[in-house]
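S.K.: Structure for this input, please:
(chains A, B, C and D)
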Protein chains: 2
Amino acid sequence: MKIDPTSSADLSAQIAQSIKAAIINGDLIVDQRLPSETELSDHFEVSRPTVREALKRLAAQSLIRTQRGATGGAFVNRLSFEDAYAQQVTTSTLLLSMNDVSFQTACEARYALERACAPLSALRRNADQLATMRAEIFRQGQPNLSDEAFCASDVAFHRALVDGAANPVLSYQLAGAVEAMQPLMNMITFSARDRARIVALHCEIADAIDQGDGPAASDGLQALEQETLSLAQKVFETRAAKS
Amino acid sequence: MKIDPTSSADLSAQIAQSIKAAIINGDLIVDQRLPSETELSDHFEVSRPTVREALKRLAAQSLIRTQRGATGGAFVNRLSFEDAYAQQVTTSTLLLSMNDVSFQTACEARYALERACAPLSALRRNADQLATMRAEIFRQGQPNLSDEAFCASDVAFHRALVDGAANPVLSYQLAGAVEAMQPLMNMITFSARDRARIVALHCEIADAIDQGDGPAASDGLQALEQETLSLAQKVFETRAAKS
DNA sequence: TCGTTTTTATTTGTCTGACATTTAAAAGTC
DNA sequence: GACTTTTAAATGTCAGACAAATAAAAACGA
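M.R.: The predicted structure is shown next:
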């Protein structure tokens, strides 16, 4: 682990990069303790605040965790799926909101990925996941549900569908695509008729998953994508006409 | 932007969280300048090193960038697809390597997602992307190619396929799934016959994409998944027998 | 001897104050 | 007016100190 003294980059960034490389490279393994801050500052020949800035950078990426006390220190952190989900969701959300990605593009990506999960979910979903899907469909039918709550329920429905594939890697990848759409979906107001159509399609999809019919589930998702797109289109046209 | 003085968490983590929330929430917009470190330390009633640790945490997530000098400071950073790709790839890679995800699971996820791109790619790929695919196929046929180089070329081929869908959100999501597999693939040694079969399937896929035949491309990917899985199976069996 | 309490050493968390470096604008000079 | 110099403001880095947490070691009491 060394740094380039001629580089113009921040020392803390260089040090963080160096340690990160060691972790990715396998030189530092999970739960291994890093040298203390004082030892690191001796090693890299920098001050302790600089080392600390480097460690905070790593902590922000969930690459290390720190413990105070006699046997404390910084430890290489096992990146959990949970942590990775959370990172993935915020990154995806910011990516969409900061780069004016069109609703169409985001929607297309989301449904394309979800259709990839459908056949697996039809094979493997468990009773819990199916029950969640049914419960969310029921919730979506309640007449006094706010638009935000409707969207949140929609996300929960789709997460259950994705989790049904019983593949944590898929669930992780999809988390971003599904949840990052929520802010975009929240811009839409759903009329009672819109909701009815969506609920009907959700039923169709849940039934297909229930019966192990992957292709039917895919078709349902395809129809739902069309429905969502045309809904959004209407909203944007109305909004454009107003201004 | 406030912090909870009763919380036991690190001040720098709280401050980072507070600023992050402001960014996500839209209170701080892209390219907006944050208050100077001194102003922030006054505002949060902490010392400057603590504020700096918080800012480094945000910088590590590409949420802000800093500039030195008279008009410098910390600015809200537009999260670029490029930055997000890189984060996604390292996160996915670490996730796989640290959680002993089975080859099968990772492979299934990767090909399921890739099949989701195939129909779009068949419709939209441009000449460049097709040329890249052909070029990589050619490279994969060279007899004196190392296994690592073969894997790298494989990744390049599949990236071109994914990028052909002309949907940056898809490309971003897939980056992790495809690239994170590389370390796993590197554990495999490819015999000449193995390579020939893979190249043949790559040709089949490229032809399908060329002719705009999405379903055929999907079928090719399905076959490739089977091939990859059985290859890996053989390697693992051999390795198990040895020990 | 065993169990409890106290002490101690180590490590991270935070603060203060200082200086270095970079940068752009302001001031000065020709 | 164009160029150079100065200045001010901001981040980057350093040194040293103390606070707080924590576990191990030592001391103590029954």
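S.K.: where do the strands sit along chain A?
M.R.: With DSSP state E as the criterion, chain A has strands at A:64-67, A:73-76.
S.K.: Does residue A:87 touch residue B:90 like I think?
M.R.: No: using C-beta atoms under 8 Å, residue A:87 is not in contact with residue B:90; the gap is 10.7 Å. In this view, the C-beta of every residue, glycine as well, is placed from N, C-alpha and C.
S.K.: More neighbours: which of these two?
M.R.: residue A:87 (22 against 19; other C-beta atoms under 10 Å in any protein chain shown).
S.K.: Quickly note the distance from that one to DNA strand D.
M.R.: 23 Å (C-beta to the nearest atom of the strand, to the nearest Å).
S.K.: residues in contact with that residue?
M.R.: A:61-62, B:87, B:91 (C-beta atoms under 8 Å, 6 or more residues apart in numbering or on different chains).
S.K.: Would you quantify the distance from residue A:218 to residue A:173?
M.R.: Using C-beta to C-beta, to the nearest Å, residue A:218 is found at 18 Å from residue A:173.
S.K.: Which one's more surrounded, these two?
M.R.: Per other C-beta under 10 Å, whichever of residue A:218 and residue A:173 has more neighbours is residue A:173, with 29 against 20.
S.K.: Quick check: the more buried one touching residue B:173?
M.R.: Yes: taking contacts as C-beta under 8 Å, residue A:173 lies within contact range of residue B:173: 5.8 Å.
S.K.: number of nearby residues for residue A:126?
M.R.: Residue A:126 is flanked by 11 other residues according to other C-beta under 10 Å.
S.K.: does it really touch residue A:163, like I thought?
M.R.: No: applying C-beta under 8 Å, one finds residue A:126 not in contact with residue A:163, separated by 9.1 Å.
S.K.: May I see the strands of chain A organised as CSV, with mean neighbour count and mean pLDDT added?
M.R.: Formatted as CSV, the strands of chain A follow (neighbours: other C-beta atoms under 10 Å in any protein chain shown; pLDDT from 0 to 100):
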stretch, mean neighbour count, mean pLDDT
strand A:64-67, 16, 97
strand A:73-76, 19, 98
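S.K.: Would you convert those into CSV that also reports distance to residue B:190?
M.R.: What follows is the strands of chain A, written out as CSV (distance: least, C-beta to C-beta, whole Å):
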stretch, distance to residue B:190
strand A:64-67, 36
strand A:73-76, 32
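S.K.: who wins for proximity to residue A:134 among the ones you listed?
M.R.: strand A:64-67 (39.0 Å; C-beta to C-beta).
S.K.: helices or strands up against that closest one?
M.R.: Contacts defined by 3 or more C-beta pairs under 8 Å, 6 or more residues apart in numbering or on different chains; DSSP states H and E place strand A:64-67 against helix A:48-60, strand A:73-76.
S.K.: Relative to residue B:56, which of the contacts of residue A:87 is nearest.
M.R.: Nearest member of the contacts of residue A:87 to residue B:56, counting by C-beta to C-beta, is residue A:61, at 11.3 Å.
S.K.: Chain B versus the closest one, what's the distance?
M.R.: Relative to chain B, residue A:61 is positioned 6 Å away (C-beta to the nearest C-beta, to the nearest Å).
S.K.: Name the residue of chain A that lies nearest to DNA strand D.
M.R.: Proximity of chain A to DNA strand D (C-beta to the nearest atom of the strand) peaks at residue A:69, 2.2 Å away.
S.K.: So for that residue, what's the pLDDT?
M.R.: Here the pLDDT value assigned to residue A:69 is 93.
S.K.: just the one 3 residues further on next, same as before
M.R.: Per-residue confidence (pLDDT) for residue A:72: 93.
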